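J.: Sequence and predicted model, in that order:
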Amino acid sequence: MRCFRRTLELGYADDLDLMLQIGRSLFREASVRDNKPMFEGAKDFFETAVQQAPDSAEGIACIGYSQHRLGDDEGAIASLRRSLQLDGDHTEARIYLANVLYDQGENEAALYHFERTKPEDHWDELGIWRLMELKRSLYRLGDNDPELKP
C-alpha cells in the first residue's frame, strides 16, 4: 500500500489507467485474502480515477464492485447502474449488477440484466445458471422449453 500511495505523492493521480490498474491489483489481492482494508484501498484508487474521468464507466463500475465487497449493496447498485447509463455495453458491470440484484431477491430486475448478456460474456457459470433459474420460475418454463436452449 505504501508503494501504491507513493504514486499519488509523485503526482500520478491524473493517470487514469494507472489508478485503475492499482485499484484492480488491490481488489484482486483483497479478494484472495478477504482483506477489508485492501478493498477500501482499491475503492480509494478507483475513486481517484473517477475524479479524473467522471464519465469512466469502467471506473464507476470498479467503485461498485468495491462497494459490494465492503457490504454497501445499495451504493454498489447505484454505481453499477450509473456505469451502465454511461456504457450500456459494459457486460461485466451488467452481470455483476444482475448477481447483486439476484442476491437481494430482486428477481425481475436481475433477469432484466441477465437477459441482456450472452453466455460468452460470463467468466463463470453462476450467472448463466441464475438466468435459467429465473426464466424457469418467472416465465414458468419447463425444463425442455426452447427458451432455455443456448
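T.: It's in.

J.: how about residue 59, what does it touch?
T.: 16, 19-20, 46, 49-50, 53 (CB atoms under 8 Å, 6 or more residues apart in numbering). Backbone N, C-alpha and C define where each C-beta goes, glycine included.

J.: Which stretches in the chain count as helices?
T.: Secondary structure of the chain by DSSP state H: the helices cover 2-9, 16-33, 36-52, 57-69, 73-86, 91-103, 107-114, 126-138.

J.: quick one on the thing from earlier: tabulate the contacts of residue 59 (TSV), appending neighbour count and distance to residue 65.
T.: Shown next, in TSV, are the contacts of residue 59 (neighbours: other CB atoms under 10 Å; distance: CB to CB, whole Å):
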residue	neighbour count	distance to residue 65
16	17	17
19	28	15
20	20	12
46	29	8
49	27	13
50	21	13
53	16	17
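
J.: Relative to residue 130, which of these is nearest.
T.: Distances from residue 130 to the contacts of residue 59, taken as CB to CB, are shortest for residue 46 (25.7 Å).

J.: Run through the residues that contact the closest residue to residue 99 other than its chain neighbours.
T.: Excluding the flanking residues, the one nearest residue 99 by CB to CB, 6 or more residues apart in numbering is residue 127, at 6.2 Å. Applying CB under 8 Å, 6+ apart to residue 127 gives the contacts 95, 98-99, 114, 117.
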